[in-house]
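Undergrad: After the sequence you'll find the predicted model.
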Amino acid sequence: MSDERSREDVDTPTAGVFIAFEGGEGVGKSTQIARAALWARGQGHDVVETREPGGTPLGQELRRLVLDPDGHVTPRAETLLYAADRAHHVDTVIRPGLDAGKLVLTDRYVDSLLAYQGAGRELGAGALMVTTWATGGLTPHLTVLLDIDPAVGLARAGARARLDRLEGASLEFHEAVRSRYLALAAAEPDRYLVVDAALDEEQIAAAVRDALVPLLS
Ligand code: TMP
């Protein structure tokens, strides 16, 4: 990560700091968010930990609908449901948190739609259009991309629980998701931290902390 990165680098005019954690299945986002939040609170920061889909009561309903392994949702409807979750989440959780000067850590954001629906479902232009509209262009100061071979990540996710509707998609789908994530990160290297999710938990947490320090100072 470049030393020049600062909160002024992106078009996010808020008092707080906004960090998104992204990646395919089984990469360990929730563990890393919990660790980053614990560390940041220890440094005296006010932290909001949230997620998509499902960071609001409405979002929890949408999450159930969109991830039901027995459900049928067409790709465009799926895109709109995730975008609806995100619009409501931005307006009721993320923006208010940032406006109050907090550190907001979200488990998934815009890039999930660009990778899963844009590349996985091949709805690139539509996914970009609806997610830009849903967020009003609110962009994280930093996106932490946890990257792993999808075969390894899916095996980890499968060991935990019954696969949801997206986890149950083909390996080819998950490879397209991974490639899009890496392409998004490569296009804006100063706004992304890409970490090998096969590293051990502590090494990943240390890399995340190092990236947060300049943003929180
Ligand atoms: P999670 O279990 O990591 O919270 O992710 C929920 C699933 O939803 C995961 O398979 C990725 C998928 N997803 C999308 O396809 N598009 C999106 O915009 C979001 C936020 C999640």
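TA: Nice, thanks for sending it over. No experiment lies behind these values; they were computed from the predicted model shown.
Undergrad: could you say what helices and strands the helix or strand of the chain with the lowest mean pLDDT packs with?
TA: The least trusted helix or strand in the chain, going by mean pLDDT, DSSP states H and E, turns out to be helix 150-160, with a mean of 88. Packed against helix 150-160 by the contact rule (3 or more Cβ pairs under 8 Å, 6 or more residues apart in numbering; DSSP states H and E) you find helix 171-187. Bear in mind the C-beta positions are built from the backbone N, C-alpha and C, glycine included.
Undergrad: Tell me what angle the helix it packs on forms with helix 150-160.
TA: 120 degrees (axes from the mean of the first three to the mean of the last three Cα atoms, to 10 degrees).
Undergrad: could you give me the average pLDDT of helix 171-187?
TA: Computed over helix 171-187, the mean pLDDT rounds to 97.
Undergrad: Just the CA coordinates for that helix, please, in PDB.
TA: Provided in PDB are the C-alpha atoms of helix 171-187 (Å, rounded to 0.1, in the frame of the first residue of the first chain):
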ATOM      1  CA  LEU A 171     -16.800 -23.300  -9.700                       C
ATOM      2  CA  GLU A 172     -16.600 -21.400 -13.000                       C
ATOM      3  CA  PHE A 173     -19.000 -18.700 -11.500                       C
ATOM      4  CA  HIS A 174     -16.700 -18.400  -8.400                       C
ATOM      5  CA  GLU A 175     -13.600 -18.100 -10.600                       C
ATOM      6  CA  ALA A 176     -15.300 -15.300 -12.600                       C
ATOM      7  CA  VAL A 177     -16.100 -13.600  -9.300                       C
ATOM      8  CA  ARG A 178     -12.400 -13.900  -8.200                       C
ATOM      9  CA  SER A 179     -11.100 -12.500 -11.500                       C
ATOM     10  CA  ARG A 180     -13.400  -9.500 -11.300                       C
ATOM     11  CA  TYR A 181     -12.400  -8.700  -7.800                       C
ATOM     12  CA  LEU A 182      -8.700  -8.800  -8.700                       C
ATOM     13  CA  ALA A 183      -9.300  -6.600 -11.800                       C
ATOM     14  CA  LEU A 184     -11.100  -4.000  -9.600                       C
ATOM     15  CA  ALA A 185      -8.200  -4.000  -7.200                       C
ATOM     16  CA  ALA A 186      -5.600  -3.700 -10.000                       C
ATOM     17  CA  ALA A 187      -7.500  -0.700 -11.500                       C
END
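Undergrad: is the ligand contacted by that helix?
TA: No: Helix 171-187 does not reach the ligand (Cβ under 6 Å from any ligand atom); its nearest approach is 8.2 Å.
Undergrad: what's that helix in contact with?
TA: Identification of contacts with helix 171-187 by Cβ atoms under 8 Å, 6 or more residues apart in numbering yields 22-25, 111, 114-116, 118-120, 143, 145, 147, 149-151, 153-154, 192, 194.
Undergrad: Please repeat the previous calculation with a cut-off of 7 Å.
TA: For helix 171-187, the surrounding residues in contact (Cβ atoms under 7 Å, 6 or more residues apart in numbering) are 22-25, 111, 114-116, 118-120, 145, 147, 150-151, 154, 192, 194.
Undergrad: Quick check: buried residues in the least confident helix or strand of the chain?
TA: For helix 150-160, burial by neighbour count (16 or more other Cβ atoms under 10 Å) applies to 150, 153-154, 157.
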